[in-house]
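> following is a predicted model, sequence given first.
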Amino acid sequence: MGPKSKQPASGNLFQQALIDQINRNHPLAKLADLIDWSEFESAWSGFFPSKKGRPATATRLIAGLLYLQHAYDYSDEVLLWTWIENPYMQYFCGETHFQHRLPIDPSSLVRWRKRLGEQGMEKLLAESIEAAKRGKVVKSSSMAQVIVDTTVMEKAVAYPTDSRLIERGRQHLVRLADLLGLKLRQNYNRQAPRMAVQVGRYAHAKQFRRMRGELKRLRTIVGRVHRDVERQLVHVADEAAYSRAQRILSRVQRLLKQQPKDKHKLYSMHAPEVECIGKGKARHPYEFGVKVSVTVTHKEGLVVGMKRMAGNPYDGHTLPEAIQQVTRLTGITPKAVFVDRGYRGVELLGTTIWRSGQKRGVTASIRKAIHRRSMVEPMIGHMKSEGRLGRNWLKGTLGDAMHAVLCGAGHNLRMILRAIRLYCALIFAASLQKLSEFNKITSLNLQPVL
């Protein structure tokens, strides 16, 4: 059944309303007034086709929790326990009275993300852009000039060494055999972990011949377990279990066959979509994750597009998809796009592309605008350090797509909150100056009230 259209009034008749307990000039309270929460109710109603059963959680609560999670870099559990302690977070999520219990189980956020998908998360990003317009953080005319760049969103995987990957494949096979009730000739639960550790010791001591020999023996052991499971798989009748077993067997087979110089290698058993991407950083030559295209306004730096790019495409080939997403979210097609030299060889109809180092047709004002393109680099750094772009814990390609969009929405909320804090600070400074002038005139020693 669809979500509740309105949050029920919580608390008894003698409990004070939450709005009377908080400071209405708090940045979160002001931000809550800038967002049109009814948009989520109408946009997300299509994800609940059934009219039967218990009503779903209120859309404002879920949208508010997802916003707060990516604005403050919280996990699902920490987010909800912080929500209980913070009245401003509760007001932001639509509560009318202070709550002392968890509003939902943390696993509910997982199910909501799966139901909404990338389309539902794009609604969160689009509404954050509209909230920035209402708060006068960004102008609509700023959408005509954007900066596009790509970065790597690292996945929650360990560093992929050969010994560890092969040992993880054996563990998956043994666990699969236990789940299907298959009896292995030998599972090597004692020998294989010791061999994987010994490979690392030989590598540390630079005894590479011994290391390669131990790694070869480890591959042989995992190959025996793989063939043992494959032989007994014909007795499995359940189609779902059979397909899952085939998927694990194919990944282990891929691990056993891949060589150091191969392309499109498998770097993680639980995340086969992970790619090894080099961005030319001396301090960090290779990153293991997925490529993400980031689009921000040229003047203010508001995120107007965040999209996960499948595989490891050339940066220039990601530009059309990035511009299409900006048009879909803002309703405006950018007239000028500023990119780095990695986007050479790409042209877009109706959009002018300015690249770093470009000489032809560049005036003084355009040269200044091209130099400003680099402002997207520290913004990406803030999204990785202050937001959740630095490490993605969501599963699969859908999790990558949703996480990228949510990171952009969280960055926009931090920008709006920063602008509100600056505005409040300026008002307080002006009132303090006027009060000091009044004290000089009247010889009264009044103190400002916070």
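In hand now; what should we look at?

> let's check: the centremost residue of this structure is which one?
Taking CA atoms, centre = their mean, the centroid of the chain lies closest to His403, which sits 2.7 Å from it.

> now stretch 155-165: how far from the chain's centre is it?
21 Å (CA atoms, centre = their mean, to the nearest Å).

> average pLDDT across the lengthiest helix in the chain?
With secondary structure taken from DSSP state H, the chain has its longest helix at helix 396-442. In this model, helix 396-442 has a mean pLDDT of 85.

> now do that helix: distance to the chain's middle.
With CA atoms, centre = their mean, you get 22 Å for helix 396-442.

> now do the contacts for the residue nearest to the centre of the chain.
Contact analysis of His403 by CB atoms under 8 Å, 6 or more residues apart in numbering lists 153, 308, 388-389, 392-394. The way it works is simple: take the backbone N, C-alpha and C, and place the C-beta from them, glycine included.

> check Ala17 too.
Contacts of Ala17 by CB under 8 Å, 6+ apart are 96-97.

> mind checking which of the contacts of His403 are in strands?
153, 308 (DSSP state E).

> most neighbours among the contacts of His403, which one?
Highest neighbour count within the contacts of His403: Leu389, with 28 neighbours (other CB atoms under 10 Å).

> over to that one: give its phi and psi.
Backbone torsions of Leu389, given as degrees, to the nearest 10, read phi -70, psi -20.

> walk me through the domains of this protein.
Per the record, the chain has its domains at 18-138, 140-157+274-393, 162-257, by automatic domain parsing.

> how far does the longest one stretch from start to finish?
With CA to CA, to the nearest Å as the measure, the first residue of domain 140-157+274-393 is 34 Å from its last.

> number the residues from 22 up from this point.
New numbering, starting at 22: the last item is domain 161-178+295-414.

> now that domain: mean pLDDT?
92.

> in stretch 278-287, what counts as buried?
279, 286-287 (16 or more other CB atoms under 10 Å).

> so can I have CSV of those residues showing secondary structure?
Formatted as CSV, the buried residues of stretch 278-287 follow (DSSP: H, G, I helix; E, B strand; the rest coil):
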residue, secondary structure
Gln279, coil
Lys286, coil
Leu287, coil
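
> so which strand or helix has Phe359?
Using DSSP states H and E, Phe359 sits within strand 357-360.

> same check, this time on Arg272
helix 260-278.

> helices and strands around that helix, which ones?
helix 183-201, helix 229-253 (3 or more CB pairs under 8 Å, 6 or more residues apart in numbering; DSSP states H and E).

> closest to Gly115 out of those helices?
Closest to Gly115 of these is helix 183-201 (CB to CB; 42.4 Å).

> CA atoms of that closest one as PDB?
C-alpha atoms of helix 183-201 as PDB (Å, rounded to 0.1, in the frame of the first residue of the first chain):
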ATOM      1  CA  ASP A 183      45.700 -12.600  -5.800                       C
ATOM      2  CA  SER A 184      46.000 -14.700  -2.600                       C
ATOM      3  CA  ARG A 185      43.100 -13.000  -0.900                       C
ATOM      4  CA  LEU A 186      40.800 -13.100  -3.900                       C
ATOM      5  CA  ILE A 187      41.400 -16.800  -4.500                       C
ATOM      6  CA  GLU A 188      40.900 -17.600  -0.800                       C
ATOM      7  CA  ARG A 189      37.600 -15.600  -0.800                       C
ATOM      8  CA  GLY A 190      36.500 -17.600  -3.800                       C
ATOM      9  CA  ARG A 191      37.200 -20.900  -1.900                       C
ATOM     10  CA  GLN A 192      35.200 -19.500   1.100                       C
ATOM     11  CA  HIS A 193      32.300 -18.700  -1.200                       C
ATOM     12  CA  LEU A 194      32.400 -22.200  -2.600                       C
ATOM     13  CA  VAL A 195      32.400 -23.900   0.800                       C
ATOM     14  CA  ARG A 196      29.600 -21.700   2.000                       C
ATOM     15  CA  LEU A 197      27.600 -22.500  -1.100                       C
ATOM     16  CA  ALA A 198      28.100 -26.300  -0.600                       C
ATOM     17  CA  ASP A 199      26.900 -26.000   3.000                       C
ATOM     18  CA  LEU A 200      23.800 -24.100   1.900                       C
ATOM     19  CA  LEU A 201      22.900 -26.700  -0.800                       C
END
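
> quick one: average confidence on it?
Helix 183-201 comes out at a mean pLDDT of 95.

> buried set for it?
Across helix 183-201, burial judged by 16+ other CB under 10 Å covers 183-184, 186-195, 197-198, 201.

> which of those lies closest to Gly141?
His193 (31.7 Å).

> so what's the closest one up against?
Contacts for His193 (CB under 8 Å, 6+ apart) come out as 269, 272-273, 290.

> Asp57 now?
Counting by CB under 8 Å, 6+ apart, Asp57 has contacts 148, 151-152.

> only the buried subset of these, as a ChimeraX command please.
In ChimeraX, a selection of the buried entries from those looks like this (16+ other CB under 10 Å):
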select :148,152
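
> same for the next helix or strand after the helix holding Arg272, what does it pack against?
Moving toward the C-terminus from helix 260-278, the next helix or strand (DSSP H and E) is strand 296-298. For strand 296-298, the contact count by 3+ CB pairs under 8 Å, 6+ apart identifies strand 308-318 as packing neighbours.

> buried ones in stretch 201-214?
201, 203, 208-209, 213.

> correction: stretch 429-446
429-438, 440-441, 444.

> on that earlier part again, with distance to Arg222 as extra columns, can I get the helices and strands packed on helix 260-278 in CSV?
Listed next are the helices and strands packed on helix 260-278 as CSV, based on distance: least, CB to CB, whole Å:
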stretch, distance to Arg222
helix 183-201, 10
helix 229-253, 8
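
> of the ones you listed, which is nearest Gly352?
Of all these, helix 183-201 sits nearest to Gly352, with 45.9 Å by CB to CB.

> the closest one: what's the following helix or strand?
helix 212-225.

> got the angle for that following helix vs helix 183-201?
Interaxial angle, helix 212-225 versus helix 183-201 (axes from the mean of the first three to the mean of the last three CA atoms, to 10 degrees): 170 degrees.

> for helix 212-225, buried residues please.
In helix 212-225, counting by 16+ other CB under 10 Å, buried: 213, 216-217, 219-220, 223-224.

> nearest to Ile43, of those residues?
Of these, the one sitting nearest to Ile43 (CB to CB) turns out to be Ala217, at 54.5 Å.

> identify the residues contacting the closest one.
Contacts of Ala217 (CB under 8 Å, 6+ apart): 184-185, 187-188, 239.

> re the thing from before, now the contacts of His424 as JSON lines including distance to Phe61?
As requested, the contacts of His424 are exported to JSON lines (distance: CB to CB, whole Å):
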{"residue": "Met174", "distance to Phe61": "25"}
{"residue": "Arg329", "distance to Phe61": "22"}
{"residue": "Arg409", "distance to Phe61": "20"}
{"residue": "Leu410", "distance to Phe61": "23"}
{"residue": "Asn413", "distance to Phe61": "23"}
{"residue": "Trp414", "distance to Phe61": "24"}
{"residue": "Leu415", "distance to Phe61": "20"}
